[in-house]
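In: Below are the sequence and a predicted model; questions follow.
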Amino acid sequence: MVTDSGGTRPLRTAGRINAPRPALVEPGFDGTPREVNRQPVAVVREEWRVVDRWWTEEPVDRRYFDLVLETGRVAVVFHDGESGKWYAQNA
Amino acid sequence: MVACLVIPGFELRAALRARPGLALRPAALAPVPGSEPLVGPVTAAAEALGITPGMRLGEALATCPGLVLVEQDPAEAEREWEGVLRRLEDTGIAVQPEGLGCVYFETRGVERLYGGLEAALRRALAAVGSAWDPRAGAAERRFAALAAASVARPGQLLIVSDERTEEFLAPLPLGLVPLEPGRQRELKELGVRRLGELAGLPGGAVAERLGADGRRAWGLARGGSPARVRGRRPPAELVEALEFPEAVGNELTVRRAFTSLLERLLERPERAGRFARKIAVSARLVGGGSWRRTATLRDPTVEPSRLKAALGPKLAELPAPILELRLELVELTEDAGRQLQLVQPEGGELRGRLKDGLRQVRASTGSGSVCTVVEVAPWSRIPEARALFVPRDE
């Protein structure tokens, strides 16, 4: 006979990893970041676009920049075309 | 005596619990996608407008253009039915469910507990709850009890004594016996419309014309044989569920979530070393409704690969993107016949130490502090969609 284990457990929710964090970015005339969180940008190493889920109610339109700041730190930021805001994220 | 409790249109009633306003409107249970387009159980308002269960969908919509089609919610129906069975078991009744909305039980044990047959049946009806409109029937034979419950009004109980069984069954419609619609039609064309008319035919002639099924139906129309009722084993009720931040339609993502749930489920201490005999996977679908599949294993096991092989292929049958995935160990077997290991597998000790360490972290920081990273879409161009944190509490 299998005994009752005492009921089900509450539902647990899976969390996101690497969610975008709002960033303070000062862009140049061509939209390339000049400052990130008040730190001047030394080099733009790479730039790419992600356009996805355009068929859903939450489309993704991002312009990513892989940057080296003058402090030597590496940062990845993106400009969200939907909201017009800047975010930092580990890409 | 054998008692039978019937809740007509149980699936529809369960699906309507989330939308009680529809119960008073013409509504019917929608057919399963991909199956024959026939409507399921219908509400009283729909019945009053001429809609009957089993009617072709097109015909039903032509008869009643305002008919609301309620999407099937098998997981919810299963949960509600399990709740009904558990309430009956809580009153001391050993139940034998016969599909959703029909359950048999032996009254002998509970008659003395509640002071007679009628009191025991009233108690059973009360345990089910008046919201479900249950009907009860009792007789010496199962089929007579089912027939009595089927013709009773909501909340009513009908008791049929053995000597009056044939007399009671005679005027009842032929639809009560389990016969294919084609056979039912054939009998009606021959002028046999009532159980009494079928029972009055020679058994040999019925068997010759309708085969084994017909012979069985003939036997039932005469009252049926007194079969025993076997109380079920209560299910184990070990469940793990995972809610997604957004609807997931990708099969690989669902498979990874399934693997994670399986690992968590097998690590549950309540399993107490027992083996899985029956396992179920269910999902809440994005447009409402749910989906559920079960697998019963010939040899009980807790080997993840075998359990995955049993249920994994069924995930391909998911009809829509899902918001939640649930995995249940429905039936567990006793801890017997377990093969001990002569040589500990490689890495076993290390895994044991890691588990101890995690247990210690959890004890000091609280539930939900230890998570597993589950890769759900590593190829995704959107970084936050590649992996999820899944809490581990074992």
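Out: Received the coordinates, thanks.

In: going forward, measure contacts and count neighbours with C-alpha atoms only.
Out: Noted.

In: Tell me, please, where in the chain the pLDDT is lower than the cut-off.
Out: Defaulting to chain A. Screening chain A residue by residue with the criterion pLDDT under 70, one finds the ranges A:1-12.

In: To clarify, I was referring to chain B.
Out: For chain B, the stretches flagged by pLDDT under 70 are B:234, B:236, B:334-345, B:363-364, B:366-367, B:393-394.

In: domains for it, by residue range?
Out: Dividing chain B into domains by automatic domain parsing, as the record does, gives the ranges B:1-18+B:73-233, B:19-72, B:238-391.

In: do you know which of these lies nearest chain A?
Out: Using Cα to the nearest Cα as the measure, domain B:238-391 is the one of these that comes nearest chain A, at 4.8 Å.

In: first to last residue in that closest one, what's the distance?
Out: Domain B:238-391 has its terminal residues 17 Å apart, counting by Cα to Cα, to the nearest Å.

In: Need the domains of chain B in CSV (columns: distance to residue A:41 and mean neighbour count).
Out: Rendered in CSV, the data for the domains of chain B read as follows (distance: least, Cα to Cα, whole Å; neighbours: other Cα atoms under 10 Å in any protein chain shown):
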stretch, distance to residue A:41, mean neighbour count
domain B:1-18+B:73-233, 55, 19
domain B:19-72, 56, 17
domain B:238-391, 23, 16
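
In: Run through the helices of the stretch 1-150 of chain B in chain order.
Out: Taking DSSP state H, counting those that start in this stretch, the helices of the stretch 1-150 of chain B run over residues B:10-16, B:44-48, B:57-63, B:74-90, B:108-114, B:117-128, B:142-151.

In: CA atoms of the longest one as PDB?
Out: Once non-C-alpha atoms are left out, helix B:74-90 reads as follows in PDB (Å, rounded to 0.1, in the frame of the first residue of the first chain):
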ATOM      1  CA  PRO B  74      -8.100  17.200 -18.400                       C
ATOM      2  CA  ALA B  75      -5.500  18.100 -15.700                       C
ATOM      3  CA  GLU B  76      -8.000  20.200 -13.800                       C
ATOM      4  CA  ALA B  77     -10.700  17.500 -14.200                       C
ATOM      5  CA  GLU B  78      -8.300  14.900 -13.000                       C
ATOM      6  CA  ARG B  79      -7.400  17.100 -10.000                       C
ATOM      7  CA  GLU B  80     -11.000  17.700  -9.100                       C
ATOM      8  CA  TRP B  81     -11.900  14.100  -9.500                       C
ATOM      9  CA  GLU B  82      -9.000  13.100  -7.200                       C
ATOM     10  CA  GLY B  83     -10.400  15.600  -4.700                       C
ATOM     11  CA  VAL B  84     -13.900  14.000  -4.900                       C
ATOM     12  CA  LEU B  85     -12.300  10.500  -4.400                       C
ATOM     13  CA  ARG B  86     -10.300  11.700  -1.400                       C
ATOM     14  CA  ARG B  87     -13.300  13.200   0.300                       C
ATOM     15  CA  LEU B  88     -15.100   9.900  -0.100                       C
ATOM     16  CA  GLU B  89     -12.100   8.100   1.300                       C
ATOM     17  CA  ASP B  90     -12.000  10.500   4.200                       C
END
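
In: what's in contact with that helix?
Out: Applying Cα atoms under 8 Å, 6 or more residues apart in numbering or on different chains, the set of residues contacting helix B:74-90 from outside is B:10-11, B:14-15, B:94-95, B:97, B:100-101, B:124, B:127-128, B:282-283, B:289-292.

In: For the closest residue to residue B:165 other than its chain neighbours, give me its contacts.
Out: Setting aside the residues directly before and after it, residue B:165 is nearest to residue B:223 in space (Cα to Cα, 6 or more residues apart in numbering or on different chains), at 6.2 Å. When the contact criterion is Cα under 8 Å, 6+ apart, the partners of residue B:223 are B:141, B:143-144, B:165-166, B:169.

In: List just the nearest of these to residue B:205.
Out: Within these, the smallest distance to residue B:205 is 19.8 Å, found for residue B:166 (Cα to Cα).

In: Need the domains of chain B in a markdown table (columns: distance to residue A:58).
Out: Rendered in a markdown table, the data for those read as follows (distance: least, Cα to Cα, whole Å):
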| stretch | distance to residue A:58 |
| --- | --- |
| domain B:1-18+B:73-233 | 27 |
| domain B:19-72 | 26 |
| domain B:238-391 | 10 |
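
In: May I see the helices of the stretch 1-150 of chain B arranged in JSON lines, with distance to residue B:195 as well?
Out: Compiled in JSON lines, the helices of the stretch 1-150 of chain B are given as follows (distance: least, Cα to Cα, whole Å):
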{"stretch": "helix B:10-16", "distance to residue B:195": "25"}
{"stretch": "helix B:44-48", "distance to residue B:195": "24"}
{"stretch": "helix B:57-63", "distance to residue B:195": "29"}
{"stretch": "helix B:74-90", "distance to residue B:195": "30"}
{"stretch": "helix B:108-114", "distance to residue B:195": "28"}
{"stretch": "helix B:117-128", "distance to residue B:195": "26"}
{"stretch": "helix B:142-151", "distance to residue B:195": "10"}
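
In: and the host helix or strand of residue B:263, what does it pack onto?
Out: When elements are defined using DSSP states H and E, residue B:263 is found to belong to helix B:251-266. Using 3 or more Cα pairs under 8 Å, 6 or more residues apart in numbering or on different chains; DSSP states H and E as the contact definition, the elements that helix B:251-266 packs against are strand B:238-248, helix B:304-311, strand B:322-333, strand B:371-375.

In: Can you tell me what sits against that helix?
Out: The set of residues that contact helix B:251-266 without belonging to it, under Cα under 8 Å, 6+ apart, is B:238-242, B:248, B:302, B:304, B:308, B:312, B:315-316, B:325-329, B:374-377, B:392, B:394.

In: Tell me the helix or strand right after it.
Out: Scanning forward in sequence from helix B:251-266, with DSSP H and E defining helices and strands, the next element found is strand B:275-285.

In: hmm, that next one touching chain A?
Out: No. Contact check for strand B:275-285 against chain A, using Cα under 8 Å from any Cα of the partner chain: none in range, with a minimum separation of 10.5 Å.

In: now for the helix or strand that that strand is followed by, which elements pack on it?
Out: Reading on from strand B:275-285 to the C-terminus, the next helix or strand found by DSSP H and E is strand B:290-301. Based on contacts counted as 3+ Cα pairs under 8 Å, 6+ apart, the elements that strand B:290-301 packs against are helix B:74-90, strand B:275-285, helix B:304-311.

In: need the ones you listed in TSV with distance to residue B:357, can you?
Out: TSV is the format used below for those (distance: least, Cα to Cα, whole Å):
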stretch	distance to residue B:357
helix B:74-90	37
strand B:275-285	26
helix B:304-311	23
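
In: Out of the ones you listed, which gets nearest to residue A:64?
Out: Proximity to residue A:64, assessed across the helices and strands packed on strand B:290-301 by Cα to Cα, is greatest for strand B:275-285 (33.5 Å).

In: For the closest one, give me every contacting residue.
Out: B:75, B:290-302, B:311, B:320-335.

In: so that strand versus helix B:74-90, what angle?
Out: With axes from the mean of the first three to the mean of the last three Cα atoms, to 10 degrees defining the directions, strand B:275-285 sits at 130 degrees from helix B:74-90.

In: what ranges do the strands span in chain A?
Out: A:12-13, A:15-16, A:21-22, A:25-27, A:33-36, A:39-52, A:60-69, A:74-80, A:86-88 (DSSP state E).

In: As CSV, the ones you listed with distance to residue B:132 and mean neighbour count would be great.
Out: What follows is these, written out as CSV (distance: least, Cα to Cα, whole Å; neighbours: other Cα under 10 Å):
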stretch, distance to residue B:132, mean neighbour count
strand A:12-13, 31, 16
strand A:15-16, 38, 18
strand A:21-22, 50, 12
strand A:25-27, 61, 18
strand A:33-36, 62, 20
strand A:39-52, 47, 14
strand A:60-69, 47, 19
strand A:74-80, 52, 21
strand A:86-88, 53, 22
